[in-house]
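Engineer: here's a sequence, model it:
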Amino acid sequence: MKGEKKICFIASSGGHFEQIRQLKEVAEKYPHYYIVPKNASTAAFREKKYLVGDFYRKKRVQFFFRFIGTAIQQLFIFFKERPDVVITTGAGVAIPTCLYAHFFRKKVIYIESFARMKSLNQTAKLLHRYTDLFIVQWEELLKLAPGSVYGGWIY
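Structural biologist: Next up is the predicted model:
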């Protein structure tokens, strides 16, 4: 489908992944793919996907090497797929792809987690300045993310 926008959906596993899956109406309208961490909850997902390494912030040395490895994986995926839009619900695993999209002047849409009612998560705080559209699911968060849009609940 030449001329159509290609979408990259990227999210961590758990609630972030469940929220990105709620955007199925968007996925049905555009060519798309998913980037998710490789684990039991994402392996069974049948959509076109890339399973990437995940990283945990608890062990700093291990975090550094896992982050670099995941960032390299995502760079290869980014060049292979060439998305026009990146949509994410966070968390950390989305950082590299969102930064690549920003650097290459692609659109970045960040949807803050439904679980965040009173504060932004660390990934949201980091990526807010690099987004073209920052959506919150609770009106109270509008004041914490200047320029954000209240989108209501994904569910």
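Engineer: the helices in this protein, which residues?
Structural biologist: With DSSP state H as the criterion, the chain has helices at 15-21, 24-29, 40-43, 60-81, 95-103, 122-127.
Engineer: and of the ones you listed, who's closest to P146?
Structural biologist: Shortest separation from P146 across those is recorded for helix 122-127, at 12.1 Å, computed as C-beta to C-beta. Backbone N, C-alpha and C define where each C-beta goes, glycine included.
Engineer: and the closest residue to I77 other than its chain neighbours, what are its bridge partners?
Structural biologist: For I77, ignoring the flanking residues on the chain, the nearest one in space by C-beta to C-beta, 6 or more residues apart in numbering is Y50 at 5.1 Å. Y50 has these beta-bridge partners by DSSP bridges: I35.
Engineer: tally of neighbours for Y50?
Structural biologist: Per other C-beta atoms under 10 Å, the neighbour tally for Y50 reads 18.
Engineer: ok, E81 next?
Structural biologist: Neighbours of E81 using other C-beta under 10 Å come to 17.
Engineer: enumerate every residue touching it.
Structural biologist: With contact set as C-beta atoms under 8 Å, 6 or more residues apart in numbering, E81 has these partners: K6, C8, Y33.
Engineer: quick check, pLDDT for it.
Structural biologist: As summarised for this prediction, E81 has a pLDDT of 97.
Engineer: how far away is it from K5?
Structural biologist: 12 Å (C-beta to C-beta, to the nearest Å).
Engineer: do F17 as well
Structural biologist: When distances are taken as C-beta to C-beta, F17 and K5 turn out to be 22 Å apart.
Engineer: neighbour count: those two, which is higher?
Structural biologist: The neighbour count for F17 versus K5, taken as other C-beta under 10 Å, is higher for F17 (21 against 14).
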